[in-house]
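Asker: Predicted model, plus sequence, below.
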Amino acid sequence: MGHFDMYDFRRVMGTFPTGVVIITALDTSGEPLAMTVGSFVSVSMDPPLIGFLPAKTSSSWASLRTSGTTKFGVNVLGGPQEDICRAVASRKTDKLAGFEWTRSEHGSPVLKDAVAFIDCDTHSISDAGDHDWVMGDVLDLYTLSTDLPLLFFRGGYGSFAPGSMAINTDISVDVLHQLDLVRPHMESLAAELVTEVSVMTLNDGELINVGAVGRPRRRRSSSRVGVHVPFMPPIGGVFAAFGGPEAEALWFSKIHPNADTEVRTDFEVGLENVRRRGYACGLGHAAGEAIELQAHGAYVSKSPEERKHLEAVVSDAARTFNIVDVERDQDYEFHSATAPIFDRDGVCVFSMTAWGSDGLTSGGDVLAALERLKRTADAAAQDLKFRGR
């Protein structure tokens, strides 16, 4: 050992924040087992392997290891789940008592409100000093919510407030380079409006949230970075309005074939309003949040039932997007506003969204936010025009 003791080791290692997961399994009698782990890691993509390191002295690990099954699940915890994290860590038995869970396809407990779940079969267990090194073959995995993750840092639990975040997968290097040029403009607008500003791009018929800055001003908001949603009315109206005939045709093709004629008319009118105004606008928190949640759920599950539900939610919300002209002397539930960002070739490569706050916002404040949004999107487009290559 070097010139340090175990307390120095723990203190210095504590400066590195880690995510928190709960490993779950069912014993041969069907009773749930669980343990809190802060040493979870992705090991390999081909083959898909994950790993974690439980202490050899852990009674929770002993119960899992002797449970009679090789299957286990990894529940990635969200920031609001500190209660279950502490309960599982401190209880000797009945660790999941009082908490909701369901069984995965392979039989492991899936905790309600977890950010993600990974179904595994034990690959290997090997020695790692005073810990065991456990690797699992990934059988299935999926995201469950868009909450920010729970973190362990310097001996305490917490989450984090995203500053400026950008995705680095799912998009091309060229688009990523352009996003780097757009981010300072996002940061400026977020500071000016004191809200969250996010950016989307259209990729293979899906919208991807590729960047976000600032703090959400609504109670139940979390980072949107990395979230995929379908390109369908009224989502992505900016790309449909300014992306050319093919984008418009693709957008309208996603409307349910049995959609009410009035709903389709609302989308057509709304699209013309987006072109006339130079931005898309959503008024009504409940309708906007319902579309966001259901769109993400439909993308994650790929379920026909989820997609059908999304189409119904979208139809119900048709008149809350791009229909109303904002009046200065009225109050509105300002959900969001989105403006196009064009590259040097005139292609709508991004959409920039400023998010509203809970409750009512005066029409004058909404109009001011819309002008700032358009001005910022235009400035970003100028940067792409002269610096984009």
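Answerer: Yep, it's here.
Asker: Run through the helices of the stretch 151-300 of the chain in chain order.
Answerer: 173-193, 237-242, 245-253, 261-277, 285-301 (DSSP state H, counting those that start in this stretch).
Asker: With the stretch 1-150 of the chain instead?
Answerer: Counting by DSSP H, counting those that start in this stretch, the stretch 1-150 of the chain has helices at residues 6-13, 59-65, 82-90.
Asker: now these in CSV, with mean pLDDT, distance to E187 and mean neighbour count?
Answerer: Every residue, glycine included, has its C-beta placed from N, CA and C. Below are the helices of the stretch 1-150 of the chain laid out as CSV (pLDDT from 0 to 100; distance: least, Cβ to Cβ, whole Å; neighbours: other Cβ atoms under 10 Å):
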stretch, mean pLDDT, distance to E187, mean neighbour count
helix 6-13, 73, 32, 10
helix 59-65, 95, 43, 17
helix 82-90, 92, 30, 17
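Asker: could you dump those helices to TSV with distance to G282?
Answerer: Converted to TSV, those look like this (distance: least, Cβ to Cβ, whole Å):
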stretch	distance to G282
helix 6-13	45
helix 59-65	46
helix 82-90	32
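Asker: Could you give the number of residues near A286?
Answerer: Using other Cβ atoms under 10 Å, A286 is surrounded by 12 other residues.
Asker: separation between it and G205?
Answerer: 27 Å (Cβ to Cβ, to the nearest Å).
Asker: Okay, buried residues for stretch 246-257 please.
Answerer: By 16 or more other Cβ atoms under 10 Å, the buried positions in stretch 246-257 come out as 247-248, 250-251, 254-256.
Asker: Sorry, slip of the keys, the one I care about is stretch 140-154.
Answerer: 143-152.
Asker: circling back to that earlier point, looking at the buried residues of stretch 246-257, which is nearest G364?
Answerer: W251 (31.6 Å; Cβ to Cβ).
Asker: In contact with the residue nearest to that closest one when sequence neighbours are not counted, which residues?
Answerer: In this structure, W251 finds its nearest non-sequential neighbour in A240, 3.8 Å apart by Cβ to Cβ, 6 or more residues apart in numbering. Counting by Cβ atoms under 8 Å, 6 or more residues apart in numbering, A240 makes contact with 231, 233, 247-248, 250-252, 271, 274.
Asker: for T102, same thing?
Answerer: With Cβ under 8 Å, 6+ apart, T102 has these contacts: 109-110, 112.
Asker: What of A318?
Answerer: 233-234, 263, 266-267, 270.
Asker: Distance check, F239 against G356.
Answerer: 21 Å.
Asker: So which of the contacts of T102 is the closest to D365?
Answerer: Among these, and counting by Cβ to Cβ, the member closest to D365 is K112, at 37.5 Å.
Asker: any idea how far the nearest residue in space to the closest one that is not next to it in sequence lies from P32?
Answerer: Of all residues not flanking K112 in the chain, E100 sits nearest, at 3.9 Å (Cβ to Cβ, 6+ apart). The spacing between E100 and P32, counted by Cβ to Cβ, is 11 Å.
Asker: residues in contact with T195?
Answerer: So T195 contacts 214-217, 354-357 (Cβ under 8 Å, 6+ apart).
Asker: at 7 Å what do you get?
Answerer: Applying Cβ atoms under 7 Å, 6 or more residues apart in numbering to T195 gives the contacts 214, 217, 354-355, 357.
Asker: Got a PyMOL select line for the buried ones in those residues?
Answerer: Listed next is the PyMOL selection for buried residues among those, using 16+ other Cβ under 10 Å:
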select buried, resi 214+354+355+357
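Asker: between the contacts of T195, which is nearest A295?
Answerer: Relative to A295, and with distances defined as Cβ to Cβ, the nearest of the contacts of T195 is W355, at 15.4 Å.
Asker: any idea how far that closest one lies from G236?
Answerer: Taking Cβ to Cβ as the measure, W355 and G236 are separated by 16 Å.
Asker: Thought D378 was touching H185, still the case?
Answerer: No - using Cβ atoms under 7 Å, H185 is not in contact with D378; the gap is 9.5 Å.
Asker: Which one of these two is surrounded by more residues?
Answerer: H185 (23 against 15).
Asker: I'd like to know how far the residue nearest to K112 sits from Q81.
Answerer: Counting by Cβ to Cβ - E100 and Q81 are separated by 12 Å.
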